[in-house]
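Novice: compute the structure for the input listed below.
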Amino acid sequence: MNKFKFITSFLILILIIYACGGSYYEGKRDKKNDTGKLITVATLTGTGDKVIMEQLKEGLAIFESSSINGTESSSNFIVWLKDSDGNKLNIIANTLDGNNSSSSINISKDGTYLIEVNSKVSWTIVVKQNR
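Specialist: Here you go, the predicted structure:
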């Protein structure tokens, strides 16, 4: 009987926590893996090769890339994320023109980053982060 009361009390406690939308653990959030509140921080557009400076915050960054293949013959659409000194950190996109791609990259620290686009056609890159 005592065991039954314990189990019943435990289940009621879990249901109350669940119903309130809370968590029994309120530890420090891990910015690098937090995908709860992504917002668009930049929408970059252009045609051809380009290097863009962008301020990024430490944590998860999502890059949604697309290129539009018009009359050009098919060619690569390549996008690199570089540090402020121009060192390659991660590839954002490497597709044929006319395709979409999405990449998630953990940004190690707040700062200025370079986004280098190599393309012969029009393109768009949407950058999302927690803010």
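Novice: next, count neighbours for Leu96.
Specialist: By the criterion of other CB atoms under 10 Å, Leu96 has 11 neighbours. In short, each C-beta sits where N, CA and C put it, glycine included.
Novice: wait, it sits on Ile68?
Specialist: No: between Leu96 and Ile68 there is no contact under CB atoms under 8 Å: 12.0 Å.
Novice: in contact with Val117, which residues?
Specialist: Gly46, Asp49, Lys50, Val51, Ile52, Phe77, Ile78, Val79, Trp123, Ile125 (CB atoms under 8 Å, 6 or more residues apart in numbering).
Novice: what pairs with the helix or strand that contains Asn106, parallel or antiparallel?
Specialist: Using DSSP states H and E, Asn106 sits in strand 100-107. Using DSSP bridges, the strands paired with strand 100-107 are strand 59-68 (antiparallel).
Novice: can I get the strand it pairs with in CSV, CA atoms only?
Specialist: Once non-C-alpha atoms are left out, strand 59-68 reads as follows in CSV (Å, rounded to 0.1, in the frame of the first residue of the first chain):
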residue,chain,number,x,y,z
GLY,A,59,26.2,29.2,-30.6
LEU,A,60,24.2,27.6,-33.3
ALA,A,61,23.9,29.3,-36.7
ILE,A,62,21.7,27.9,-39.5
PHE,A,63,22.6,28.9,-43.1
GLU,A,64,19.8,28.3,-45.7
SER,A,65,21.3,28.8,-49.2
SER,A,66,19.8,28.8,-52.6
SER,A,67,20.9,29.7,-56.1
ILE,A,68,18.9,30.3,-59.2
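Novice: just checking: what are the partner strands of the host helix or strand of Tyr113?
Specialist: Counting by DSSP H and E, the element that carries Tyr113 is strand 111-118. Strand pairing for strand 111-118, using DSSP bridges, gives strand 50-56 (antiparallel), strand 76-82 (antiparallel).
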